Each structure stands twice: as C-alpha cells, then as structure tokens.
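# everything below, folded, please.
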Amino acid sequence: MKKLIFFWLTLSCLSAHAQERFSNVQFQGARKQILEAFEKNVYVSGKLTSGETIKSSCSGGSCSIVIEYNGRSVEQPIGDDISQLTIYEYDFSGDGDSEIVVVNDFMDTSFLFVFSYSKGLIQKIFQYEVSYYKTEIMKDYIIYYLPSGPENIWHYYQGGFWELNPMEIEW
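All right, here's what the predicted structure looks like:
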C-alpha cells in the first residue's frame, strides 16, 4: 500500500512538473490572452480583438504564428519548437492599439516576442531570451530581472523598444 501511494505521488509530481512553465512573465495592467498551445497540440487558433484569426503551427523544424487577413496568411517565425506557447494582446503605450506579445517556452528556456500588427502587416519589434527569471511587462516598459535585481530595462517609445543603460554621473 505504501509503495502504491509513493508511486502515485511521484507520478503526480512528475506530471505537474511536465506542465510547468519555464518563463516567469508577469503583466501589470490589462492584457488579453488570445491562445495557448502545448507541445502535444501546437495547432491552435484564437481571435485577435480586431477580428482576425491567429494560429500557431510547426513544420519543418520551425514554429510560427499565422494571422489570417482578408483571405491571405501572414506568417511570423517564433522559434524551433514549442513546449508551451501563450499569445496575448497588450497595449504598451495606452493609445488603444494593442501589440501582440508571444511567450514561447521550449528546451528549458523561454523567448519573449513583441509584434506590432495592423491590417495584415506584422513587424517584430522585440525579441529576448527570458529564461526562467522574472520578466515584468508594464505600460511603456519591459523589465528583465536577475536574482540580484533588474538586469535590462526596455522603454517602449514611438512604436519601438529602446534599451535603457545606467550611466554613472560624476560630480
């Protein structure tokens, strides 16, 4: 009986660990989750706020997101593989235009992508490997933390991200 209970607990812990996200991406403010795909089912679709269908797919050793717009497909690569993929809409500048935020977990690491999208045109404006450290997304900023504190800070300004570098001021 004890062996059966131990086996069951071990199995449940392993399955819980297998579904665990690698990334630690946190949002401040309103965001809308569009779709979530997993390794066993990467062919998932969702709807953007603008009404277009967005899909995730993998073929030939490459994974991508595909947006259907007026009968044509717009494709954007997001990596080689997917363990867990989550796509959000988030308004960085507060202007009412949402950017597409993609968190792609795979191979014990994670990549964060931000795309500008409008009427069938998609442009990658940010890509960074966020590993498993905390990454905070907020209005106008993305902050990447290491255990010692903030490591990188990017400011969203006029449709793009600019890395902020600390500067020593001599008095």
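# what is the mean pLDDT for stretch 162-171?
Summarised as a single mean, pLDDT over stretch 162-171 is 82.
# excluding its backbone neighbours, what's nearest N70?
G120 (6.4 Å; Cβ to Cβ, 6 or more residues apart in numbering). All C-beta atoms are positioned from the backbone trio N, CA, C, and that covers glycine.
# assumed G94 was part of a strand.
No. Counting by DSSP: H, G, I helix; E, B strand; the rest coil, G94 is not part of a strand but coil.
# wouldn't it be in contact with K139 here?
Yes. Here G94 reaches K139: they are 5.8 Å apart, a contact under Cβ atoms under 8 Å.
# quickly list what the residue nearest the centre of the chain is bridged to.
Centroid-nearest residue in the chain, with Cα atoms, centre = their mean: V103, separated by 1.6 Å. Note on V103: beta-bridge partners by DSSP bridges are T86, L112.
# which ones are touching it?
Residues in contact with V103 (Cβ atoms under 8 Å, 6 or more residues apart in numbering) are 23, 25, 85-88, 110-113, 130.
# tell me which two of the residues you listed sit farthest apart.
Distances among the contacts of V103 were taken as Cβ to Cβ; the most separated pair is I87 and V130, at 15.3 Å.
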